[in-house]
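Q: Turn this into a model:
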Amino acid sequence: KEFAEAYQADDRAVIESSVSKLNHEEAQKRPDGSLRWLRTSKLPLVDDAGKIMGVLGIYEDITERKQMGKALQESSQFSQQIIDCAREGIIVYGPDLKYRFWNRFMEELSGYTAGEVLGKHAREVFPFLHLSDEVLPAMEKALVGEADQRFDVHFHAPRTGKSGWVSHSTGPLLNAA
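A: Predicted coordinates for the structure are as follows:
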């Protein structure tokens, strides 16, 4: 009952304007008090003479999709908070060895913002990598799915002046495919 007026107003608007209302998402309260989400489309029904004689309503229950979307968003926010709070440098690079992700601690450690490094090759950001016998080969092994590579490497960040030995760990990020 509490939504009937709004539904009827939508119907009247479609009839009066001859304009369909497509893929509108709206909440619907059920008699038991539960809330469902609907994707609604309303189209004017026209007779042979071109006169509007009613409205065709199509309703799709999208509650489960909305709930999954919300759960995915919450999970993603939770993961992002962990990454943002980590006191470790977290970097993700692609098959071309170009950076795709750079966390806040890497910004603090290196002096480079994510915006400055994303899309750049590892050697563009850290020229000393070409001298390393371990870092680039470990990254390349991770790209073909080989087990995690762990070792210590000397790190120097000219922008921050920070240098020293860091524990380096490289491993493949695998998706479901």
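
Q: what helices or strands is the longest helix along the chain leaning on?
A: In the chain, with assignment by DSSP state H, the single longest helix is helix 63-85. With contacts defined as 3 or more Cβ pairs under 8 Å, 6 or more residues apart in numbering; DSSP states H and E, the packing partners of helix 63-85 are strand 35-46. The way it works is simple: take the backbone N, C-alpha and C, and place the C-beta from them, glycine included.

Q: Determine the set of other helices and strands touching the strand it packs on.
A: Using 3+ Cβ pairs under 8 Å, 6+ apart, strand 35-46 sits against helix 4-17, strand 21-29, strand 52-61, helix 63-85.

Q: Render the CA-only coordinates of stretch 109-129 in CSV, please.
A: Coordinates of each C-alpha in stretch 109-129 appear next as CSV, following Å, rounded to 0.1, in the frame of the first residue of the first chain:
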residue,chain,number,x,y,z
LEU,A,109,59.6,4.9,1.3
SER,A,110,60.4,5.9,-2.3
GLY,A,111,59.2,9.4,-2.5
TYR,A,112,57.3,8.5,-5.7
THR,A,113,53.5,8.8,-5.8
ALA,A,114,51.4,6.1,-7.3
GLY,A,115,50.5,8.5,-10.1
GLU,A,116,54.1,9.0,-11.0
VAL,A,117,55.0,5.3,-11.3
LEU,A,118,51.9,3.5,-12.5
GLY,A,119,52.3,2.4,-16.1
LYS,A,120,56.1,2.8,-15.9
HIS,A,121,58.6,-0.1,-16.2
ALA,A,122,60.4,-1.1,-13.0
ARG,A,123,63.8,0.1,-14.4
GLU,A,124,62.3,3.6,-15.1
VAL,A,125,61.5,4.0,-11.4
PHE,A,126,64.5,2.1,-10.0
PRO,A,127,67.4,2.4,-12.4
PHE,A,128,69.6,0.2,-10.1
LEU,A,129,67.4,-2.8,-10.8
